[in-house]
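**Student:** I would like to see how this sequence folds:
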Amino acid sequence: MNSSDVDIERMRTAIGRLLDHDNRHGGDAIAATAVQVWRTGRRKLDRGLIPDGSHAEYVSTVAEVAQIAGWLLFDAGERESSRAAFVESQMLARHAGDRPMKWFALDMLAMHSIEYHRPDESLRIADDVLSDSRVPPRVALLARIRKARALADTGSRRRAMREFAAARSGLEDSITTRDPSWTWWVDERELSGHEGESLLALGEPNAAVPKLQRALDLATESNSNRRVILYYSVALLTAYASGQAWRECESTLLSIPPLLEEVASGRSRRRLRATLREIARTPDSPHWLSDLAREMTAAPQLSGSCG
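**Tutor:** Residues are numbered from 1 along each chain as shown. Predicted structure coming up:
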């Protein structure tokens, strides 16, 4: 085994460890480590140190590390750095001829565009993926979900729901041999969560609640991904606050502090702070809930800076 093969194995080992930590504790603490692994791999590429026999596999592996770094930076709330990582992942995957990794990087870019309110860009990416006749079913399903989210953000309710219906129909089919291994996480929880977020974006918090509750229930049942449980707890809180369901707000709010002790996700903390501010300043919010929201905002887990 040459040194490049050893480096590939090390990067793959690092990927597994980084993702395991992310699932349990969020991306904040390890995003910098992922960036270091990515940049170290890229440095060897830039210096032309990879032999021809290992070159394509090495480039593909660095593309995967860049994608993981981008995801962790995204979860940590590092907007520009995460986008740069996804763009480089896509570029490297194209160079390596690794279509599955290219599709993954494009999906991450579409996700990033939705998070930071660029629905037109997300629509362009989704349509580009869907226009590729070689795209496997689950990759197309994800593209439809991204497209639906972007359409909801532009207020196109009917078109968004049509895309979700097509995605749900595709979800009923099992993963095929054509689907990349990374699509394993596309499931009922993922789809329900995105439907809930879309309804919330469309100004329908009461309709969003059962979808987000379903996603949270499925995440809690597995109990293997604390980051996801925090994410959907905050999303559900946001829906209750938007619908002024104050008692439900309180019970959901009280479930969040133990999660904040375990999970460090800048993305979820940023959203939580925004929701707490909304609760505190809404005139119709009961004083006991406003006081609780202000108290939580001042807690150490939220009072510090976030990306």
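**Student:** how many neighbours does residue 48 have?
**Tutor:** The number of residues packed near residue 48 is 7, by other Cβ atoms under 10 Å. C-beta here means a position set from N, CA and C on the backbone, and glycine is covered the same way.
**Student:** and the one 3 residues further on, by the same measure?
**Tutor:** For residue 51, the tally of surrounding residues (other Cβ under 10 Å) stands at 11.
**Student:** so what secondary structure elements neighbour the helix or strand of the chain with the lowest mean pLDDT?
**Tutor:** Lowest by mean pLDDT, DSSP states H and E among the helices and strands of the chain is helix 300-303, with a mean of 77. The contact analysis (3 or more Cβ pairs under 8 Å, 6 or more residues apart in numbering; DSSP states H and E) places helix 300-303 against helix 257-262, helix 266-281.
**Student:** could you list the buried residues of stretch 197-217?
**Tutor:** Within stretch 197-217, the residues that qualify as buried are 197-202, 204-205, 207-209, 211-216, counting by 16 or more other Cβ atoms under 10 Å.
**Student:** what about that stretch, distance to the chain center?
**Tutor:** Chain-centre distance of stretch 197-217: 17 Å, with Cα atoms, centre = their mean, to the nearest Å.
**Student:** surely residue 129 is in contact with residue 139?
**Tutor:** Yes - between residue 129 and residue 139 there is a contact under Cβ atoms under 8 Å: 6.7 Å.
**Student:** who has more neighbours, these two?
**Tutor:** The residue with more neighbours, out of residue 129 and residue 139, is residue 139; 25 against 21, by other Cβ under 10 Å.
**Student:** residues contacting the more buried one?
**Tutor:** Shown in contact with residue 139 (Cβ atoms under 8 Å, 6 or more residues apart in numbering): 100, 103, 107, 129, 179, 180, 183.
**Student:** same thing with residue 45?
**Tutor:** 58, 59, 62.
**Student:** what helix or strand is the second one on?
**Tutor:** When secondary structure is defined by DSSP states H and E, residue 59 falls within helix 52-75.
**Student:** residues of that helix that come out buried?
**Tutor:** If you call a residue buried by 16+ other Cβ under 10 Å, then helix 52-75 has these buried ones: 54, 58-75.
**Student:** that helix vs helix 266-281, what angle?
**Tutor:** 10 degrees (axes from the mean of the first three to the mean of the last three Cα atoms, to 10 degrees).
**Student:** helices or strands up against helix 52-75?
**Tutor:** helix 3-25, helix 31-46, helix 79-96, helix 99-115, helix 266-281.
**Student:** include distance to residue 241 and mean pLDDT when you put the ones you listed into CSV, please.
**Tutor:** Output for the helices and strands packed on helix 52-75, formatted as CSV (distance: least, Cβ to Cβ, whole Å; pLDDT from 0 to 100):
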stretch, distance to residue 241, mean pLDDT
helix 3-25, 26, 93
helix 31-46, 29, 95
helix 79-96, 24, 97
helix 99-115, 19, 97
helix 266-281, 5, 96
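**Student:** out of these, nearest to residue 153?
**Tutor:** helix 99-115 (6.7 Å; Cβ to Cβ).
**Student:** which other helices and strands contact that closest one?
**Tutor:** Using 3+ Cβ pairs under 8 Å, 6+ apart as the test, helix 99-115 ends up in contact with helix 52-75, helix 79-96, helix 119-130, helix 137-153.
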